[in-house]
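Student: my questions are about this predicted structure, shown below with the sequence.
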Amino acid sequence: MAKMWANSGDSHFLEPPDLFEQTLPPELAKRMPHTVHEDGYDITTVDGKTIRRRAPGPAQQKMREATRPPGAFDPRKRLADLDQEGIWGEVTYPSLGLWYGEINDPALASAAATALNDWVWETVAGASPRLVVTATLPLQSIEDSARELERVAEMGYRVVFLPSKPPEQTGNYNLDVWERIWDIAERANMVLGVHIGSDAGESPVKFKGPGGAIINYVETTYGGQRSTVQMVASGVFERHPDLRLLISEGGATWVPFIGDRMNEAYRQHAMFSDGRISKAPKEYLGNVYASFQHDESAVPAAQYLSYPNVMWGSDYPHLEGTYGHTQKTLHELFDDVDPAWSYRIRVGAFLELFPEVGPPPEDPGPPA
């Protein structure tokens, strides 16, 4: 079976457990995310908060360790993993950064974001231009976030990570308080990267009882959809037509559906419109890209539902990702797909956002 290459719109880097002990004053470092395992629970403390989650059982933990890629903590070993799997370029999100919404103190959030972004740029981005790193913002303060966004843009970052629901200090993405962030990102040609399952201040366990694991897993996808609707409906892309939004790991079929629902509201309830947009909402979805890893419905969303901004993603090195079976997954998804669409989803959509990464050198390229 010939190797099929792809770029990935979703992956993660794992920070060293002592990153903040190495980079922050002790009084700040002890308030950053820290997890211990006790009596079958993962107990995480963040800025004075304690969050208890049931830990994986011994068999699950053994599986997690057995399937963790060799390069999970080492960016240079990571490149060997990517070559093995047939992945060229990839967007990489933080892991510790997903906890930032639990921080209350803006000063702590700002110091931590600076330390994390400096480490990411030196260690992860420094390993290879194939790794498109995401910057973390101290979103407890828009002013601090604007300063950090300008700083990382000058460093060369191409993506800014936004949680699927922002901290309550700043409010949702449809509010005017975000305008400075949108303006800086657009001028710097930075992509807004929203990763699902990162609702600030909310537990990922929203439902308990029979089927809870599956219900909660599905529930994580909705934050990316809400973010998209908030930005489209409030006119973010009307005012910033060159701004691009990437929703990672949330699938792709939802985008045409959300477009239809927004259009119906715009058409049937026009008397309640606040005039923030001048076109039907679905027309702004050209600014929105979405990544998936295993979804059988994602490819038809691009082929048949008039939504070409579909991008494959590996979710490396997470358990729900494709490491160890990437080639099997890619062939199952694309072997019977029109070559032009296959290339578009595997490579082309990614290169629209990040042309500097370039196509996989061993890939034959788009069909003539």
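Tutor: Yep, it's here. Numbers count the residues shown, from 1 in each chain.

Student: which helix or strand in this structure has the lowest average pLDDT?
Tutor: When the helices and strands of the chain are scored by mean pLDDT, DSSP states H and E, helix 58-67 comes last with a mean of 68.

Student: next secondary structure after that helix?
Tutor: Proceeding C-terminally, helix 58-67 gives way to helix 75-85 as the next helix or strand, assigned by DSSP states H and E.

Student: what is that next one packed up against?
Tutor: On a contact count with 3 or more CB pairs under 8 Å, 6 or more residues apart in numbering; DSSP states H and E, helix 75-85 meets no helix or strand. Every residue, glycine included, has its C-beta placed from N, CA and C.

Student: in the stretch 101-250 of the chain, where is pLDDT below threshold?
Tutor: For the stretch 101-250 of the chain, applying pLDDT under 70 flags the ranges 201-204.

Student: change it to 90
Tutor: Scanning the stretch 101-250 of the chain for pLDDT under 90 picks out the ranges 101-105, 166-171, 196-222.

Student: all helices of it, in order?
Tutor: Taking DSSP state H, counting those that start in this stretch, the helices of the stretch 101-250 of the chain run over residues 106-119, 142-155, 179-187, 212-219, 222-233, 236-239.

Student: next up, the contacts around the nearest residue to Gln140 once chain neighbours are set aside.
Tutor: Take Gln140 and drop its neighbours on the chain: the residue closest to it by CB to CB, 6 or more residues apart in numbering is Pro106, 4.2 Å away. Contact analysis of Pro106 by CB atoms under 8 Å, 6 or more residues apart in numbering lists 138, 140-141, 144, 169.

Student: separation between the residue of the chain positioned farthest from its centre and Ala233?
Tutor: In the chain, Met271 marks the outermost C-alpha relative to the chain mean, sitting 35.3 Å out by CA atoms, centre = their mean. Computed as CB to CB, to the nearest Å, the Met271 to Ala233 distance reads 15 Å.

Student: I figured Leu305 was touching Thr253, is that so?
Tutor: Yes. Using CB atoms under 8 Å, Leu305 is in contact with Thr253, at 7.4 Å.

Student: for those two, indicate the residue with more neighbours.
Tutor: A count of neighbours by other CB atoms under 10 Å puts Thr253 above the other of Leu305 and Thr253, at 20 against 17.

Student: quick one: contacts for the more buried one?
Tutor: Per CB under 8 Å, 6+ apart, neighbours of Thr253: 295, 297-298, 300-301, 305.

Student: likewise for Ala80?
Tutor: Applying CB under 8 Å, 6+ apart, the residues near Ala80 are 70-71.

Student: start the count at 284, not 1, going forward
Tutor: In the new numbering, first residue 284, that becomes Ala363.

Student: check what pLDDT it gets.
Tutor: Note on Ala363: pLDDT of 95.

Student: output the below-cut-off pLDDT ranges for the stretch 534-651 of the chain.
Tutor: In the stretch 534-651 of the chain, residues with pLDDT under 90: 550-558, 589, 601-603, 644-651.

Student: quick one, helices of it?
Tutor: Taking DSSP H, counting those that start in this stretch as the criterion, the stretch 534-651 of the chain carries its helices at 537-551, 581-587, 609-617, 622-626, 632-636.

Student: in a markdown table, list those helices along with distance to Pro316 and mean neighbour count.
Tutor: Listed next are the helices of the stretch 534-651 of the chain as a markdown table, based on distance: least, CB to CB, whole Å; neighbours: other CB atoms under 10 Å:
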| stretch | distance to Pro316 | mean neighbour count |
| --- | --- | --- |
| helix 537-551 | 30 | 16 |
| helix 581-587 | 32 | 20 |
| helix 609-617 | 29 | 18 |
| helix 622-626 | 40 | 18 |
| helix 632-636 | 29 | 21 |
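
Student: quick one, which of the ones you listed is nearest to Val416?
Tutor: helix 632-636 (13.7 Å; CB to CB).

Student: for that closest one, which outside residues touch it?
Tutor: So helix 632-636 is contacted by 290-292, 372, 441, 474, 527, 529, 572, 591-594, 640-642 (CB under 8 Å, 6+ apart).

Student: just how off-centre is that helix within its chain?
Tutor: Helix 632-636 sits 15 Å away from the centroid of its parent chain (CA atoms, centre = their mean, to the nearest Å).

Student: again, but for stretch 643-651
Tutor: 26 Å.

Student: so which bits of that stretch are buried?
Tutor: Across stretch 643-651, burial judged by 16 or more other CB atoms under 10 Å covers 643, 646.

Student: now do the end-to-end distance for that stretch.
Tutor: End-to-end distance of stretch 643-651 (CA to CA, to the nearest Å): 17 Å.

Student: again with stretch 553-564
Tutor: 12 Å.

Student: quick check: Phe637 touching Arg441?
Tutor: Yes. With contact defined as CB under 8 Å, Phe637 counts as touching Arg441 (6.1 Å).

Student: before we move on, the earlier item: can you add distance to Ala410 and give the helices of the stretch 384-533 of the chain back as TSV?
Tutor: Listed next are the helices of the stretch 384-533 of the chain as TSV, based on distance: least, CB to CB, whole Å:
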stretch	distance to Ala410
helix 389-402	12
helix 425-438	15
helix 462-470	25
helix 495-502	31
helix 505-516	28
helix 519-522	33
